[in-house]
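Trainee: how would this look folded up:
(2 chains)
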Amino acid sequence: MLNVLLLAVLVLAEGASDVCVTRAMKSVGEVNTLVPRELLRIARRVLATGAFRLGLVFMTTGFFAFLALLARVDMSVVVPATALIYVVSMLGAKYVLKEEVSTLRWAGTALVCLGVVLTSLP
Amino acid sequence: MKSVAAQLPDGARLSPLLLVRGMESPLVWIGILLLLVFLGLFLSTLSREDLSFVLPVLSVGYILNVASARVFLHEPVSPVRWAGTVFIVLGVVMVSVTARATSRAAEGAAAPAAGTGAAGAAVAEAEDPPC
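Mentor: I've put the predicted structure just below:
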């Protein structure tokens, strides 16, 4: 039961962090450079966005839930189970970020989720 | 984390103690370093592509994970799990065919008609949008 709870925290937190971080990166603009100074400047701008900071909080929460799960369950069960994050993140991408998700993309994602469920079976 | 947990009494397996002790393990720190590398690349990709495209494609990592759990951690991997990885591969292939970012599609199709593309509007939103 505790494992399920930990997984729920992990999935919801990571999904929320994906949405927040995407928001932040889209607001900063495309990264088109490999010049270290430019990258540093971009990194500073990213760090300044509230969306990224919120995403970081969610990401950290998810990471610690992941660590706790790894200590209790096999890695080859935990890692596939985290694919539930797709469900949350895809819904966030569609309804929060307003991305156009084509039928093919949904179908592919459904296959990925199915694969993840299969990989999670003992 | 497995080796750290093994050193603790059963009751302490979900205590903050586990997380603190985990920080002492160099393997955890290597993991954190790799996560930072991942984060940098992930963010750069997200600045250019849709989240709904990047995520499924990232799941190629799951296959590496199952394989490395088998090879390095010697965890048993059943045929059903291997079948699952095949589904993941198929799904990723299908998603990667749709590689056209909503924001770029909007740029190309409706750049002059400001705000027509949903993503264009999302990008144009306030610098610091609530999440």
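
Trainee: hmm, which helix or strand of chain A has the shakiest average pLDDT?
Mentor: Across the helices and strands of chain A, mean pLDDT, DSSP states H and E gives its lowest value to helix A:75-81, namely a mean of 74.

Trainee: cool, chain B as well?
Mentor: Of the helices and strands making up chain B, the lowest-confidence element is helix B:118-124, at a mean of 38, by mean pLDDT, DSSP H and E.

Trainee: Next, please give the residue ranges for the strands of the chain.
Mentor: Just so you know, I chose chain A. For chain A, no strands turn up when DSSP state E is the criterion.

Trainee: top helix in it by residue count?
Mentor: In chain A, ranked by residue count with DSSP state H as the criterion, the top helix is helix A:2-28.

Trainee: Also chain B?
Mentor: helix B:26-46.

Trainee: From the contact counts, what lies against that one?
Mentor: helix A:2-28, helix B:51-58 (3 or more C-beta pairs under 8 Å, 6 or more residues apart in numbering or on different chains; DSSP states H and E). Heads up, the C-betas are built off the backbone N, CA and C, glycines and all.

Trainee: relative to helix B:26-46, how tilted is the helix or strand that the last one is followed by?
Mentor: It refers to helix B:51-58. Sequence-wise, the next helix or strand downstream of helix B:51-58 (DSSP states H and E) is helix B:60-71. Between helix B:60-71 and helix B:26-46, the angle comes out at 160 degrees (axes from the mean of the first three to the mean of the last three C-alpha atoms, to 10 degrees).

Trainee: and helix B:60-71, which residues are buried?
Mentor: When burial is assessed from 16 or more other C-beta atoms under 10 Å in any protein chain shown, helix B:60-71 yields the following buried residues: B:62-63, B:65-66, B:69.

Trainee: do stretch A:109-122 as well
Mentor: Quick answer for stretch A:109-122 (16+ other C-beta under 10 Å): A:109-120.

Trainee: Which of those sits closest to B:Glu24?
Mentor: A:Ser120 (30.1 Å; C-beta to C-beta).

Trainee: Would you mind measuring the gap between the ends of stretch B:44-55?
Mentor: End-to-end span of stretch B:44-55 (C-alpha to C-alpha, to the nearest Å): 13 Å.

Trainee: For it, could you pull out the residues that count as buried?
Mentor: Under 16+ other C-beta under 10 Å, the buried positions of stretch B:44-55 are B:44-55.

Trainee: Could you do stretch A:81-98 as well?
Mentor: Buried residues in stretch A:81-98 (16+ other C-beta under 10 Å): A:81-86, A:88-90, A:92-94, A:96-97.

Trainee: Restricted to helices, list the residues you listed.
Mentor: A:81, A:84-86, A:88-90, A:92-94.

Trainee: rewinding a little: got a markdown table for the buried residues of helix B:60-71, with distance to B:Thr98 and pLDDT too?
Mentor: Formatted as a markdown table, these follow (distance: C-beta to C-beta, whole Å; pLDDT from 0 to 100):
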| residue | distance to B:Thr98 | pLDDT |
| --- | --- | --- |
| B:Tyr62 | 19 | 73 |
| B:Ile63 | 20 | 80 |
| B:Asn65 | 24 | 77 |
| B:Val66 | 25 | 79 |
| B:Ala69 | 30 | 81 |
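
Trainee: For chain B, which residues score under the pLDDT cut-off?
Mentor: B:1-19, B:99-131 (pLDDT under 70).

Trainee: Domain boundaries for it, per the record?
Mentor: Following the assignment in automatic domain parsing, chain B carries domains at B:1-47, B:50-123.

Trainee: hmm, back to that, mind listing which of the buried residues of stretch A:109-122 are in helices?
Mentor: Counting by DSSP H, these contribute A:109-120 to helices.

Trainee: which of those residues come close to chain B?
Mentor: By C-beta under 8 Å from any C-beta of the partner chain, the members of these lying near chain B are A:109-120.
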